[in-house]
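Chemist: I would like the atomic coordinates for the input below:
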Amino acid sequence: MATEINIRRGNSDDFARLGEIVHLAIHGSADRYTPSQKKAWSPEPRDAKAMSDRIGTAAVCVAETDDLVICFMTL
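Modeler: Residues are numbered from 1 along each chain as shown. Modelled structure (predicted):
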């Protein structure tokens, strides 16, 4: 059975998870980035406030499955 993916507008309740996703995207790329690049770009996951500051007033769309946000984009 296929997993259902829901696309919806993101909100501030999602921001901590978005910080985790950014961190995982950078650190999960074994050969794409050097250790120093990974450390510089994302030494640790950003918290909700840091992601809110980064996103600003951009519109956010998230994809989720089983009530877990798995990716996002900003417009």
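
Chemist: okay, CA-based contacts and neighbour counts for the rest of this
Modeler: OK.

Chemist: next secondary structure after the helix or strand bottoming out on mean pLDDT in the chain?
Modeler: Within the chain, no helix or strand scores below helix 35-41, which has a mean of 93 by mean pLDDT, DSSP states H and E. Per DSSP states H and E, helix 35-41 leads on to helix 48-55 as the next helix or strand towards the C-terminus.

Chemist: residues in contact with that following helix: which ones?
Modeler: Under the criterion CA atoms under 8 Å, 6 or more residues apart in numbering, residues 12-19, 74 lie in contact with helix 48-55.

Chemist: if we go to 6 Å?
Modeler: 15-16 (CA atoms under 6 Å, 6 or more residues apart in numbering).

Chemist: and the helix or strand just after it, what does it pack against?
Modeler: On the C-terminal side of helix 48-55, the nearest following helix or strand under DSSP H and E is strand 60-65. If you count contacts as 3 or more CA pairs under 6 Å, 6 or more residues apart in numbering; DSSP states H and E, strand 60-65 packs onto strand 6-9, strand 68-74.

Chemist: now the longest one, how far from the centre of its chain.
Modeler: Taking the mean C-alpha point of strand 68-74 and that of its whole chain, the gap between them comes to 6 Å (CA atoms, centre = their mean, to the nearest Å).

Chemist: next: the shortest one.
Modeler: Mean-position distance between strand 6-9 and its chain equals 14 Å (CA atoms, centre = their mean).

Chemist: send over it as CSV, restricted to the C-alpha atoms.
Modeler: C-alpha atoms of strand 6-9 as CSV (Å, rounded to 0.1, in the frame of the first residue of the first chain):
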residue,chain,number,x,y,z
ASN,A,6,-0.4,15.5,2.3
ILE,A,7,0.7,18.9,1.0
ARG,A,8,-0.4,21.9,3.1
ARG,A,9,0.5,25.4,4.1
